[in-house]
Structures are given as C-alpha cells and as structure tokens.
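Asks: Test case, fold it:
(one chain, ligands or ions: 2)
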Amino acid sequence: MTIDRRKFLKGAVATSVTAMLPLNWAFAQNRPAGMVPLDVSAVTWKNVDDLPKHFKILNSSPLNAFPPEHLLAPAKTPADIAFIRWNGLMPDFDSIDADTWEFTVDGESIETPKTYTIAELKKKFKTHTQQLVLECGGNSRENFYPNAKGNQWSNTAVFCAEWTGVLVKDVLADCGVKTNAVYTAHYGADKHISGKGAAISRGVPIEAAMSENAMIAWGMNGEDIPFMHGYPLRIVFGGRPGSVSQKCAVGMGVRDRVHDGKKMGAPAYQVPKNPVAPGEKVDNKDFRIIEEMIVKSLITAPQTGDELILGKSLEVSGHAWAGTRDVAKVEVSYDYGTTWQTASLTKPVNPMAWQQWKINLKLPQTGYYEIWARATDTKGDTQPMVQPQWNPKGYLFNGCHRVAIRVV
Ligand SMILES: Nc1nc2c(c(=O)[nH]1)N[C@H]1C(S)=C(S)[C@@H](COP(=O)(O)O)O[C@H]1N2
Ligand SMILES: [Mo]
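Replies: Ligands and ions are numbered 1, 2, ... in the order given. A predicted model of the protein is given here:
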C-alpha cells in the first residue's frame, strides 16, 4: 500500500491535493475551489516545510523540532504535537511500501533468523495497544548550566502516544533466544547525514526486551504511524531513552555482547559513572549507558506569561512520568520550594504511560510568581529543585519544571 491509498484518505474528498487532506473534513463540499486546508494530518508530513508553525525548528537537517509546553496538555499526545527527532537523513518516504516492508530478526544470540512482512507480524502475533512515554535522553538540555552541547531541547522532547503492534518478546520467542543473549540491536532505514552508514543503531539489555512494554508497532493513535515518527514500522520501548525506539525499523538483532552500533559508544547517550563538576571534561572510558529515564514532571497549564486576578484560584496541571516506574506523588510550590502542596494524581492507563496531575492554588498577594512542580516515583526518587548531576552531553535533566505568572 502506498501513501496515497492509506486509510485516512478514504473519508476525504478527492481533489488534486488528496495527499494533504485532513481526516473527516466537515463541510468540505462548501470549500472554495482550490482551497488548501490550514491544518493537515501529521500522517502526511514529509519534510520540514510541512510542519505547522507551532513547532520550534532546532535544525532542518537533521530535522529536530519541538512544540510549546502548553500544547502537550492532552493525556494521549496527538501526532501533530509530538516532537520530531532525526539523527541523520530522513528515509525516502515516497519509496516506502508498507506491503513489502520487511523486518528481520537475527544476531549471534538468535536460534533461527527470520524475516516478517507487516502483514505476517499482524497475523502471527497477538496485537497490543498501549500508551508509552517516549522521551529523548537530551530532553530539557537547554536548562543545564553551564550549557551542555547538543540540540537545545526545551522541556517538550517527550510525548505519550498510543501505539499498536506486537510485543518484541513474542517475536523474539518465535525466533528463539539463546541463553548467551546480552543486548538487542535496532536497525532503521535512514542514513547518516553523510549518506553513508546508519544514522543510529542502539539497543537495550535483553531483559528490557522481554518487557510487556516493548513493542514493534505499526499504529500510532489509531492511525498509520506518521512518516516523521517512523512509518511504516517502529520499535517502541517505554521508559528508556527515545533513541532506542527505532523509527522506520527494518530489524532487530539479539547480540551476545553489548551492541556496538552507531551512537552506542561514549559519550553518545551516556553519562559519567561518577559525579563530575559542572563543565568538567570526562574521559570516554568513564561513561555509562543510560538504560532508563528518570522521574520528571511537566506543567502544561498555566503558561509562562499568564495573569491571574487576586482572589481567584489558579488551576495548575500537567503530566508526570518516571522511566519504567510509576509516579507516586506530585507536589507544587509557588514560593521557590519553601512549601509544597500535593496535587491529585491519576494512575497510569498502563505501565510506562505518563500520569496526569492537577491542583487548585490560592496565591496570597499580587506580584510575580514561579510555579514549580516536583514528582516522586514509587522508589522514592524525586526531582531536584535546581539541576540534576551536570554531564558533558546534557542528558537526563529532571530539575523541577517552572512557569512564571503574575497575580494582578
Ligand atoms: N530511524 C531512526 N529512529 C530514531 C531516530 C533516528 O534518527 N532514526 N532518533 C531516535 C531518537 S534520538 C529519538 S529521541 C526518537 C524521537 O522520536 P520522534 O521523532 O518520534 O519524537 O527517535 C529515535 N529513533
Ligand atoms: Mo533522542
């Protein structure tokens, strides 16, 4: 099936711009001739020029873009809000054919290497649908002081979409995993920015691949996965750095050693083994791989710049997540962490989905305030107020999220 026959077009009106039509366009029959819709489904975006204006573009090649914080409010992130991160050149989306796309399982620790089409994956294994948080290891990097080099992500290189696909463990079991298995290896169709070799090929410890929250997915939020997020097939691991969730995935290896693919070596996606002073140089041999993301929260309302009338209550809300753990508590402060109030908090819809929190605050006097949020996970780890351990590549920033408002 090629893109112009994909299901989102079925309900749409046939014109020369069919490839750009929004899903279920109300009153489309009344539109002026030739009118191009303002908001087209994220399923159709193929390059940086297609992105809506709400994205901040960090680079166009490799393409890296993120949305403003308040747009991340929905519990299930719509595709047109999710941040976009490519390490190299995007694949040639026009030549992707989901009908002939293949996914190969191999590696030293696989008994019987096998290749599956997407139709075979759908037929042979149980389909699962679940929401998983996908957060870039470098999310919030812009907050580190001193500044850490790399894409200056704000706090929105994270999203929680609903994925549909099969479990990695079911597919690996079909091929047989040898007892000497150590690590997975993930392979995608995209190339390094030079045009040669892989842009990225990372993996996870074999135990992580056996989790209920590790998927090979073909659907995102009930539609085909948008090109930008890995059409037509994506490896998705909840709770791990986003870099292991390989887009446009063509295979997975099971290795008898820690995978040595592109961006597995230090300092990429690694942090120092021991604490270092901010700004300190660290030798490559003194880094360790980031295997799991850590406890964090995001305020999606209010937004910085909002004004509140004195005496009215302020509803503060957002999400919290904690890598492979659940969040146990979210607290909010309006006095720089001197006092904290506990917010109400939902349970995750499934493990490794983010949780929603909310609290109404009464702010005692007029003036400038900062609202801070702090999550604590089920093992008792909590967010630091200022910044976490500084590291040369600026990973794992989970200092309290802040927004500034005025009471007038
Ligand atoms: N094929 C492929 N998969 C990839 C990448 C990539 O460059 N190519 N980037 C990874 C990184 S570093 C992140 S953070 C996530 C971003 O996923 P998103 O673009 O859907 O937000 O995809 C991961 N998977
Ligand atoms: Mo990332």
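Asks: Pull the contacting residues for the residue of the chain found nearest ligand 2.
Replies: Nearest to ligand 2 in the chain, going by C-beta to the ion, is residue 136, at a distance of 3.3 Å. In this view, the C-beta of every residue, glycine as well, is placed from N, C-alpha and C. Residue 136 makes contact with 83, 85, 153, 157-158, 241-243 under the criterion C-beta atoms under 8 Å, 6 or more residues apart in numbering.
Asks: Any idea how far apart the tips of stretch 83-100 sit?
Replies: 28 Å (C-alpha to C-alpha, to the nearest Å).
Asks: going forward, begin numbering at 90 instead of 1
Replies: All right, first residue 90 from here; so that's stretch 172-189.
Asks: Now do that stretch: distance to the chain's middle.
Replies: The chain centre lies 17 Å from the centre of stretch 172-189; the measure is C-alpha atoms, centre = their mean, to the nearest Å.
Asks: ok, now stretch 415-424?
Replies: Stretch 415-424 has its C-alpha centroid displaced from the chain centroid by 22 Å (C-alpha atoms, centre = their mean).
Asks: Stretch 438-455 too?
Replies: 21 Å.
Asks: do the same with stretch 442-456
Replies: Using C-alpha atoms, centre = their mean, the offset of stretch 442-456 from its chain centre is 25 Å.
Asks: Pull out the buried residues from that stretch.
Replies: By neighbour count on 16 or more other C-beta atoms under 10 Å, the buried set for stretch 442-456 is 442-446, 448, 450, 452.
Asks: Also stretch 140-150?
Replies: Neighbour counts over stretch 140-150 (16+ other C-beta under 10 Å) mark 140, 144-145, 147 as buried.
Asks: Farthest-apart pair in the residues you listed, please.
Replies: Distance extremes for the buried residues of stretch 140-150: the farthest pair is 140 and 147 at 11.8 Å, using C-beta to C-beta.
Asks: can you list residues touching both of the two?
Replies: residue 154.
Asks: Is stretch 172-182 in proximity to ligand 1?
Replies: Yes - using C-beta under 6 Å from any ligand atom, we find that stretch 172-182 touches ligand 1 at 172-177.
Asks: which residues are in contact with that stretch?
Replies: Residues outside stretch 172-182 that contact it (C-beta under 8 Å, 6+ apart): 92, 135-136, 140, 144, 150-156, 225, 240, 242, 245-248, 277-282, 284, 287-289, 316-318, 320, 331-332, 337, 352.
Asks: try it again with 7 Å
Replies: Outside of stretch 172-182, the residues within contact range by C-beta atoms under 7 Å, 6 or more residues apart in numbering are 135, 151-156, 225, 245-246, 248, 278-282, 284, 288-289, 316-317, 331, 337, 352.
Asks: and which of the buried residues of stretch 140-150 is nearest to residue 493?
Replies: Of all those, residue 493 sits closest to residue 145, with 18.7 Å by C-beta to C-beta.
Asks: which residues does residue 395 contact?
Replies: Residue 395 sits next to residue 494 when contact means C-beta under 7 Å, 6+ apart.
Asks: swap that for residue 168, sorry
Replies: Here residue 168 is in contact with 131-132, 250, 309-310, 315, 318 (criterion: C-beta under 7 Å, 6+ apart).
Asks: Among the buried residues of stretch 442-456, which lie within strands?
Replies: Secondary structure defined by DSSP state E assigns 444-446, 448, 450 of the buried residues of stretch 442-456 to strands.
Asks: any idea where the helices of the stretch 190-339 of the chain begin and end?
Replies: Using DSSP state H, counting those that start in this stretch, the helices found in the stretch 190-339 of the chain span residues 207-213, 257-264, 295-298.
Asks: With just CA atoms, put the last one into CSV.
Replies: What it means is helix 295-298. C-alpha atoms of helix 295-298 as CSV (Å, rounded to 0.1, in the frame of the first residue of the first chain):
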residue,chain,number,x,y,z
ILE,A,295,17.9,-8.4,26.8
GLU,A,296,15.8,-8.3,30.0
ALA,A,297,14.3,-5.0,28.8
ALA,A,298,13.2,-6.5,25.5
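Asks: contacting residues around that helix?
Replies: For helix 295-298, contacts defined as C-beta under 7 Å, 6+ apart pick out 257-258, 261, 270-273, 303, 326, 329, 343.
Asks: The longest one too?
Replies: When contacts are defined by C-beta under 7 Å, 6+ apart, helix 257-264 is touched by residues 194, 199-203, 214-215, 298-299, 303-305, 343.
Asks: now these as a markdown table including pLDDT?
Replies: Output for the contacts of helix 257-264, formatted as a markdown table (pLDDT from 0 to 100):
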| residue | pLDDT |
| --- | --- |
| 194 | 98 |
| 199 | 98 |
| 200 | 98 |
| 201 | 98 |
| 202 | 98 |
| 203 | 98 |
| 214 | 98 |
| 215 | 98 |
| 298 | 98 |
| 299 | 97 |
| 303 | 98 |
| 304 | 98 |
| 305 | 98 |
| 343 | 98 |
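Asks: In ChimeraX, how would I select the buried members of those residues?
Replies: Listed next is the ChimeraX selection for buried residues among those, using 16+ other C-beta under 10 Å:
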select :194,199,203,214,298,299,303,304,305,343
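Asks: Pull out whichever of the contacts of helix 257-264 are also neighbours of ligand 1.
Replies: Checked against ligand 1 using C-beta under 6 Å from any ligand atom, the contacts of helix 257-264 give no members in range.
Asks: on that earlier part again, pull the number of nearby residues for the residue lying closest to the residue of the chain closest to ligand 2 once chain neighbours are set aside.
Replies: Distance criterion C-beta to C-beta, 6 or more residues apart in numbering; nearest residue to residue 225, sequence neighbours excluded, is residue 246 at 3.9 Å. The number of residues packed near residue 246 is 25, by other C-beta atoms under 10 Å.
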